[in-house]
Structure formats: structure tokens, C-alpha cells
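J.: give me a model of this one.
(chains A and B)
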Amino acid sequence: MIVGRFFFAAVGVIGELMITVGLLLGGYVLWNVWWDSNQSAAIAEQGVADFYETVEAAPKTAAELNTDDPPPVDDAPGDGETLGVLIVPAWYDLTNNTMPIREGTSDAVLDQAAAGRYSDTAMPGEVGNFALAGHRRTHGNSFRFVDRLEPGDQIIVETATTWYVYAVTEDYVVTPDQSDVIAPVPRSPGVDPTERLLTLTTCHSPSMGEWGNSHRWITHAKFVGWMDREDGMPEQVLNDPGVM
Amino acid sequence: MYGLLWRALPGPGWAKFIQVLVLLGLLFYVLFTWVYPWISDTFVGTDPNFG
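T.: Model (predicted):
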């Protein structure tokens, strides 16, 4: 009691206000980085589980990559619907690696820790540029470790019927107005595509790194092959108990 | 201001302390559930989109 009264009298109202502001700001950071991100990641995890309920489980054996025939291409789903699952083997043990891919890049999609497909880009396996957006930090940290990807690292897209395997080719940083990085031929809008590409886009800033939002980190990957779910799964995901 | 609150709460010191904890819990529940999401949506842009 005496200690409490002495403390409050000494600090004064201004001090108390500053403490209050500090606590509220600290609370916001805590909410943003920890609480809300965990909530988003949990929703994403549930989204993957819901998707798996709608598909046949792939046999737990390594299937052979088909690099000769063109892959099947699904029709685009409705806005916000899950079209598949994104798996980046290099992100194992780093992050919630198995995330739903949903149609569209609205806040409703991205804030729930999903990868969002830019609706005017290609579908998985299609000739052109299958482009995905995801948050870097906060809202589930979807693409947090995008900067760890090296050329050759695989990006795997799983749909109801097919596994699509892409390999990273390059990455670079642009400003948010340079949207031609998701053109069918990146940075060459209007040119007819001949390759099957995948592009990850997320936040980046030269000064604040993964916390910044002033720039966009772009990672391109090129299609290397596909496999039918009925035949098994890529060997890189065999040890992932969450994948089916 | 916190002095006034401390004096306004009934009971001995430990009871006041528990009440403060409850109030803090309520405060952060309200903040986490409504206030912070609203601030994030309204003022803080983290949209990784283009255009």
C-alpha cells in the first residue's frame, strides 16, 4: 500500500500517460507479431485440412516426375476458394510450410496466411506466369523466408489431381507499381508466353527487410515437371506428416 | 490517475491487486479482439499486392 501510493505520487500523471501509451503500443506489437499471426496460421492450417477432406489422399510413395508430357490444367475456382496447397521444401523446420493457395489476393485471403493467386495470371501448370502473393511478416508470416530460396530450390504446388514442381530461377526487389513482374512473360507485358512459370510476390524493404512494405520481393521459378496424385507424391514431401 | 484507481478499488491490497489484474485482462481482451484488428485494417498497410 505505502509503496504503491509513493510510486503513483512520484511518477505523476504525465508519466502514467507515457507508461500507458507504451503499454498500448507494446500490446499492439504483441498482438500483431504473435497473437494475430498465430490465429492466421491456425486458419491456414485448418484450410489445408479442409482441402484434404475434399481430395483423395496420394499414396505415400515417391512418384516419378513427368517432364515430357504437358501437365493437366484446372479451371480457376471461385474467389477465395482453395485451389491447392503450396509446399516449399526449403522452408521445412522454418515456418508453417504447407499453406493453402486461394483464389484472389484480397485481404480476406492473404490475412488468413494463405497464398493468393493473382486471378488474371496463369493456373498451376499453365503456360504463362502462375503468380502468388503472400504476407512477409505478420498475418501468419506466409512468405517470411522467401529470401532463403536459392536457384534450383523447389516450389511444389499440390492440387486435387496433380503435383506441380517448379524450381527457383531468380529473385529481385521492385517497387509496388512494377506489376509487370507477374505478366505472362515477367517484365515483358504483351509478349506471348512459351514457358510455365511460377512467381512469388511479397513485402520487402531495403531498409527494414522482412518488416518493410515499401518494396516487393519477387521470386521466379520455372516448371520442371508434374506427377499424378494417384501415382504418389514428390519424395521431398514424403517425410511431411501434414501432406497427403 | 492510477493512484485514484488504486484508492477507488475496495478491499485490502491483495484484493486490489487481483482486481487490477482482472481489469488489465479485460482491457487487453478488448484490445486484442476489436481495437488492434481495427487499427491494423485501418492504418497499417501490409498488403503485399501490386497496384
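J.: check which helices and strands the biggest helix by length in chain A sits against.
T.: Among the elements of chain A assigned as helix by DSSP state H, the one spanning the most residues is helix A:2-30. The criterion is 3 or more Cβ pairs under 8 Å, 6 or more residues apart in numbering or on different chains; DSSP states H and E, and the helices and strands that helix A:2-30 contacts are helix B:2-8, helix B:36-43. For the C-beta atoms, the positions are set from N, CA and C on the backbone; glycine is no exception.
J.: for whatever helix or strand comes next after it, give the mean pLDDT please.
T.: Next in sequence after helix A:2-30, counting helices and strands by DSSP states H and E, comes helix A:36-53. Within the predicted structure, the mean pLDDT of helix A:36-53 is 90.
J.: right, is the helix or strand that comes right after helix A:36-53 up against chain B?
T.: For helix A:36-53, the following helix or strand on the C-terminal side (DSSP H and E) is strand A:82-87. No - residues of strand A:82-87 contacting chain B under Cβ under 8 Å from any Cβ of the partner chain: none, with a closest distance of 14.5 Å.
J.: okay, the angle between the longest helix along chain B and helix B:36-43?
T.: What stands out as the longest helix in chain B, according to DSSP H, is helix B:13-30. The directions of helix B:13-30 and helix B:36-43 differ by 40 degrees, with axes from the mean of the first three to the mean of the last three Cα atoms, to 10 degrees as the criterion.
J.: is helix B:13-30 up against chain A anywhere?
T.: Yes - figure legend: helix B:13-30 in contact with chain A (Cβ under 8 Å from any Cβ); contacting residues B:13, B:28.
J.: who touches that helix?
T.: A:1, A:4, A:27, B:5, B:6, B:9, B:10, B:11 (Cβ atoms under 8 Å, 6 or more residues apart in numbering or on different chains).
J.: the third one: neighbour count?
T.: Each residue near residue A:27 was counted by other Cβ atoms under 10 Å in any protein chain shown, and the total is 17.
J.: now do the same contact list for it.
T.: Residue A:27 makes contact with B:28, B:31, B:32, B:36 under the criterion Cβ under 8 Å, 6+ apart.
J.: next one: the fifth one
T.: Neighbouring residues of residue B:6 by Cβ under 8 Å, 6+ apart: A:4, A:5, A:8, B:16, B:20.
J.: looking at those, which one is closest to residue A:199?
T.: Out of the contacts of residue B:6, the one with the shortest distance to residue A:199 is residue B:20. That distance is 51.7 Å, counting by Cβ to Cβ.
J.: which parts of chain A sit against chain B?
T.: Contact residues of chain A with respect to chain B, defined by Cβ under 8 Å from any Cβ, are listed as A:1, A:4-5, A:8-9, A:13, A:16-17, A:24, A:27-28, A:31-32, A:35-36, A:105, A:107, A:110, A:118, A:133-139, A:143, A:176-179, A:181-182, A:201-203, A:213, A:216.
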